[in-house]
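Engineer: Generate coordinates for the sequence data below:
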Amino acid sequence: MNNMNKLLIICGPTATGKTKLGIDLAKKFNGEIISADSRQVYRGMDIGTGKDDLKTWLIDVAKPDFRFNVADYKKYADIAIEDILSRNKLPIIVGGTGFYIKAVTEGIETIGVEPDWELRAKLANYRINELRIVLEKIDPKRWQKMNESDRQNPRRLVRAIEIAQNKKQNTKYLPCSPRGVAGRPAGKIQNTKKDTLFIGLTSPYKFLYQRIDRRVEARVEAGLEEEIRSLLKKGYTWENSALGTTLAYNEWRPYFENQKNKEEVIKKWKFDEHGYARRQMTWFRKQPKINWFDINKQNFQEEVEKKVGNWYS
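Structural biologist: The predicted structure is shown next:
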């Protein structure tokens, strides 16, 4: 394969410096960055998601009240990749949303299954054990394939039930087409095979948690509270927008509702970021193609650049 068909992925848990590395590699290898962050797609949610000033694909592509999903991401990421390649440049996907990266590099069979909002409303008050029972009953094979992290995650359990219900009703996947139901991409879309290199950044949890905590404090100092207040004034609510589901924002809801003070919010936010980092590592560690680099090693970036250089040349 030649350089016209190459794709570089930089992934790993939050706060490992993926964006900085991506910027450096883009400068060195004439590349452009495509964000793979499910939070940075929303306009106006800047401080809490850590957006950078660098021009990056797939940032600020949706309003906070739009339900942006993996099918939307794949559609726009595919367009970005082909555009970058057409200009003889290297597309570099940078981010920690593993499901988005998998959708682009492997395709996802269930990507055309639209959300069933009626079913989700019905399951909203179910406890985790009740969701498990429902899924195991209607699709025992899918239940058996789920790891323990997924089995503890109500959102993933609901989505699994949704997909299983769709399958049970024998709903056909829509054929691959530019747009599907409700204006979304449909079906399992496979790209022309790319020569893809995966670079993963990692760190012992002790050091990673320290980096996360410093970043949380920096974002508070940068004015996250005022950013949230501004979004609320514009009419976005915790119920109808990404504010209520996005890490770094939903932790602030009790503060704005006079149920917690700022110190309690920050403590909870740090705790949730730690958990998110662990879940990311669990996901990425199961992906066999990733070349891992420890960010605590002094010369790790030189090693990454050498790896990328050998592959890209």
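
Engineer: in the stretch 201-313 of the chain, which spans are helices?
Structural biologist: Along the stretch 201-313 of the chain, the stretches classed as helices by DSSP state H, counting those that start in this stretch are 205-221, 224-233, 253-256, 262-285, 300-312.

Engineer: Which other helices and strands does the host helix or strand of residue 7 contact?
Structural biologist: Assigned by DSSP states H and E, residue 7 falls within strand 6-11. Applying 3 or more C-beta pairs under 8 Å, 6 or more residues apart in numbering; DSSP states H and E, one finds that strand 6-11 makes contact with helix 18-29, strand 90-94, helix 98-105, strand 195-202, helix 300-312. Glycine gets a C-beta too; all of them are placed from N, C-alpha and C.

Engineer: Quick check: buried residues in the longest one?
Structural biologist: Of the residues in helix 300-312, those scored as buried under the neighbour-count criterion (16 or more other C-beta atoms under 10 Å) are 300-301, 304-305, 308, 311-312.

Engineer: measure the residue nearest the centre of the chain to residue 46 for me?
Structural biologist: The chain has residue 97 as the residue nearest its centroid, 2.4 Å off, counting by C-alpha atoms, centre = their mean. Noted for residue 97: a distance of 17 Å to residue 46, by C-beta to C-beta, to the nearest Å.

Engineer: Let me have the helices of the stretch 201-313 of the chain in JSON lines, extended by mean pLDDT.
Structural biologist: Shown next, in JSON lines, are these (pLDDT from 0 to 100):
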{"stretch": "helix 205-221", "mean pLDDT": "97"}
{"stretch": "helix 224-233", "mean pLDDT": "98"}
{"stretch": "helix 253-256", "mean pLDDT": "98"}
{"stretch": "helix 262-285", "mean pLDDT": "97"}
{"stretch": "helix 300-312", "mean pLDDT": "97"}
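
Engineer: How confident was the prediction at the residue sitting furthest away from the middle of the chain?
Structural biologist: Here the chain reaches farthest from its C-alpha mean at residue 258, the gap being 30.3 Å by C-alpha atoms, centre = their mean. Predicted confidence (pLDDT) for residue 258: 97.

Engineer: can you check residue 184 too?
Structural biologist: 40.

Engineer: what's the domain layout of this structure?
Structural biologist: Split into domains by automatic domain parsing, the chain comes to 3-111+184-203+285-312, 114-168, 205-280.

Engineer: highest average neighbour count across the ones you listed?
Structural biologist: Highest mean neighbour count of those: domain 3-111+184-203+285-312, a mean of 18 (counted as mean count of other C-beta atoms under 10 Å).

Engineer: about what we covered before: now that we're looking at the residue nearest to the centre of the chain, which residues does it contact?
Structural biologist: Residues counted as contacts of residue 97 (C-beta atoms under 8 Å, 6 or more residues apart in numbering) are 36-38.

Engineer: so what's residue 67 scoring on pLDDT?
Structural biologist: 86.

Engineer: you'd agree it is up against residue 120?
Structural biologist: No: assessed by C-beta atoms under 8 Å, residue 67 is found out of contact with residue 120, at 10.9 Å.

Engineer: where exactly do the helices run in the stretch 51-200 of the chain?
Structural biologist: Assigned by DSSP H, counting those that start in this stretch, the stretch 51-200 of the chain shows helices spanning 70-86, 98-105, 117-123, 128-138, 140-145, 148-151, 154-168.

Engineer: Present those helices as JSON lines; the columns should include distance to residue 278 and mean pLDDT.
Structural biologist: Listed next are the helices of the stretch 51-200 of the chain as JSON lines, based on distance: least, C-beta to C-beta, whole Å; pLDDT from 0 to 100:
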{"stretch": "helix 70-86", "distance to residue 278": "21", "mean pLDDT": "94"}
{"stretch": "helix 98-105", "distance to residue 278": "13", "mean pLDDT": "94"}
{"stretch": "helix 117-123", "distance to residue 278": "26", "mean pLDDT": "89"}
{"stretch": "helix 128-138", "distance to residue 278": "18", "mean pLDDT": "92"}
{"stretch": "helix 140-145", "distance to residue 278": "21", "mean pLDDT": "90"}
{"stretch": "helix 148-151", "distance to residue 278": "9", "mean pLDDT": "80"}
{"stretch": "helix 154-168", "distance to residue 278": "15", "mean pLDDT": "86"}
